[in-house]
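*Asks:* here's my sequence, what's the structure:
(one chain, ligands or ions: 1)
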Amino acid sequence: TGKCVLAGNWTNDLGSNMTIIMNSKCNFSGSYSTAVSETPEKIEKSPLRGSQNYRNLTQPVFGFTVNWTFTDSVTVFTGQCFVDETGKEVLKTMWLLRSHADSIKDDWTATRVGTNVFTRQPSQKE
Ligand SMILES: O=C(CCCC[C@@H]1SC[C@@H]2NC(=O)N[C@@H]21)NCCc1cc([N+](=O)[O-])ccc1O
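*Replies:* All right, here's what the predicted structure looks like:
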């Protein structure tokens, strides 16, 4: 199997896009443009920061946090970078979206969970 590299541009099944820049062998930052949101606020590109594990650099496991700039919430994604049977890089992820709750009584409803699959976003060069 080939090597799956996190750096670069990705798009997911919802049509969201993200860019990842490796800052060191295992830590990265970037930006996330979500295609969907649960609030009426205008969607804005938001920063992400994360890490991939030290051990397996061919199909690394990773985690990152998106700190939404347009609404009081954060999302943490975790997953693995795979090379599929056709040689395509794929990020299989699960996420937790934590929204601000006005009171501790509302804590139970403040976290949503889901999955997203990301594939390489073709660069405009083509
Ligand atoms: O919508 C957002 C920000 C964008 C999240 C996009 C997700 S991240 C996982 C998935 N993958 C992906 O690409 N996009 C989606 N935050 C919740 C807002 C909110 C909702 C409520 N509420 O509904 O009660 C209350 C308080 C709140 O602040």
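
*Asks:* sec struct for the spatially most central residue of the chain, please.
*Replies:* For the chain, the residue nearest the mean C-alpha position is Phe77 (5.3 Å; Cα atoms, centre = their mean). At Phe77 the chain is in strand, as set by DSSP: H, G, I helix; E, B strand; the rest coil.

*Asks:* that one contacts Leu97, doesn't it?
*Replies:* No. Proximity of Phe77 to Leu97 does not meet the contact threshold set by Cβ atoms under 8 Å, at 9.7 Å. (Each C-beta comes from the backbone N, C-alpha and C, glycine too.)

*Asks:* excluding sequence neighbours, find me the nearest residue to Ile21.
*Replies:* Computed as Cβ to Cβ, 6 or more residues apart in numbering, the closest residue to Ile21 that is not its neighbour in sequence is Gly30, at 5.3 Å.

*Asks:* pretty sure that neighbour contacts Asn17?
*Replies:* No. Gly30 is beyond contact range of Asn17, at 10.5 Å (criterion: Cβ under 8 Å).

*Asks:* which of the two has more neighbours?
*Replies:* Legend: neighbour count by other Cβ atoms under 10 Å for Gly30 and Asn17, higher for Gly30 (22 against 17).

*Asks:* tell me who's in contact with the more buried one.
*Replies:* 18-21, 47-49 (Cβ atoms under 8 Å, 6 or more residues apart in numbering).

*Asks:* same check on Gly63?
*Replies:* 50-51, 76-79.

*Asks:* redo those residues as TSV? Include pLDDT.
*Replies:* TSV is the format used below for the contacts of Gly63 (pLDDT from 0 to 100):
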residue	pLDDT
Gly50	98
Ser51	98
Val76	99
Phe77	99
Thr78	99
Gly79	98
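
*Asks:* of those residues, closest to the ligand?
*Replies:* Among the contacts of Gly63, Phe77 lies closest to the ligand (Cβ to the nearest ligand atom), at 7.5 Å.
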